[in-house]
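> Next one to model:
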Amino acid sequence: MPDFADPDIFRTVLESLQIGVYLVDRDRRIMFWNDGAQNITGFLRQDVLGRYCRDNILVHCDENNSLLCGDACPLTEVMRDGQPREAEVYLRHREGHRVPVLVRAVPIRDRHGAVVGAAETFDERDAVAAPDRRHNQLAAYGWADEKTGLPGHGFTESLLHEAMVLFSEHTAPFGVLRIQVDQLEHFRALHGQGAADGILRVVADTLKKTLRREDMLGRWAEDQFLAIVPFCNAMERLAARWQKVVNSSGIPWWGDQLSVTISIGGTIDRPGDTMESILQRTEQALRQSVAQGGNCFNSIA
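Numbering: from 1, shown residues only. Have a look, this model is predicted:
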């Protein structure tokens, strides 16, 4: 068909795709940035076109908080050996929170077969879709916390009660983790209420983006969140991942990049538990983490 001989048609299609697509030249200078890339990262075309990957715009890291730049960058590896790459990574959104994405990179070759650049596609991993829909519905009914968009304290209590009923009737185990932003009062005194609200939103969004489909997360107190994680047999590994991802998040503030750490206390449900007994153990475990200087995890079985 003659219409498809027009290269602008293909560019228009690429630009409108909701999966993120960007192209770089041999120097890893960004030459193309589509609508999907804008929506997923928050960075507009004018923010990134002509800039270099080494500027660390997205600050890619793995779940161990190891930065994927330089030789570890998938684009660098693709241009070095001409082989496609795929990786699950976290990028940093323009607003500061971390977003888990599946990245695929392929080489771009000229008519002679020489590698002249690379293309990367990325999309949010499926695990975050269900929590996003749930939080949107909560907001519509006025049950969401205004500062973070998460379920408020009262609704989170209802979620915990629901998990307890499920356990007692069907022996379905679950864990409860209380998460506290370390030294939020000091952070607020140093940087102001606006920065404190911003960092709370970043922590909430980062945690929300790393949930499994079945997990639940809500706002519990001014500086605390409560996570309910069904079928959890590796709380320590989960807490460590949350801490690393939150540590690598942050907000731009008057030329600085502000970040915080989190302390976590967890427990596993027991036969005969009440809501009060579960919450008491999470509070005790959290106090142990804070007493150890913060940015750590403790659990009480």
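> Low-confidence bits of the chain, can you list those?
1-3, 70-71, 126-142 (pLDDT under 70).
> and Ala291, how many neighbours?
11 (other C-beta atoms under 10 Å). In this view, the C-beta of every residue, glycine as well, is placed from N, C-alpha and C.
> try the one 5 residues further on
The local packing of Cys296 (other C-beta under 10 Å) involves 19 other residues.
> Same check on Arg54?
Count around Arg54 with other C-beta under 10 Å applied: 13.
> Next: the one 4 residues further on.
Other residues within reach of Leu58, judged by other C-beta under 10 Å, total 26.
> Going along the chain from the strand ranked longest in the chain, find the next helix or strand for me.
Taking DSSP state E as the criterion, the chain has its longest strand at strand 98-109. Sequence-wise, the next helix or strand downstream of strand 98-109 (DSSP states H and E) is strand 115-124.
> Could you please name the strands that following strand pairs with and the direction of each pair?
The pairing partners recorded for strand 115-124 under DSSP bridges are strand 20-25 (antiparallel), strand 98-109 (antiparallel).
> Now the longest one - C-alpha only, CSV.
Output in CSV follows, covering the C-alpha atoms of strand 98-109 (Å, rounded to 0.1, in the frame of the first residue of the first chain):
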residue,chain,number,x,y,z
ARG,A,98,10.5,4.2,42.0
VAL,A,99,8.6,2.4,39.2
PRO,A,100,9.3,-1.3,38.4
VAL,A,101,9.6,-1.8,34.7
LEU,A,102,10.4,-4.6,32.2
VAL,A,103,13.1,-3.3,29.9
ARG,A,104,13.9,-4.7,26.4
ALA,A,105,16.8,-3.3,24.4
VAL,A,106,17.8,-4.1,20.8
PRO,A,107,20.5,-2.7,18.5
ILE,A,108,19.8,-0.3,15.6
ARG,A,109,21.9,-1.1,12.5
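> those strands in this structure, which residues are they?
20-25, 30-33, 85-92, 98-109, 115-124, 174-181, 216-221, 224-230, 251-253, 256-258, 262-268, 297-300.
> same for the third one, what does it pack against?
The helices and strands touching strand 85-92, judged by 3 or more C-beta pairs under 8 Å, 6 or more residues apart in numbering; DSSP states H and E, are helix 74-81, strand 98-109.
> on that earlier part again, okay if I get the strands paired with strand 115-124 as TSV plus mean neighbour count and distance to Gln280?
Converted to TSV, the strands paired with strand 115-124 look like this (neighbours: other C-beta atoms under 10 Å; distance: least, C-beta to C-beta, whole Å):
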stretch	mean neighbour count	distance to Gln280
strand 20-25	20	44
strand 98-109	19	31
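> Nearest to Pro271, out of those?
Closest of those to Pro271 is strand 98-109, at 34.8 Å (criterion: C-beta to C-beta).
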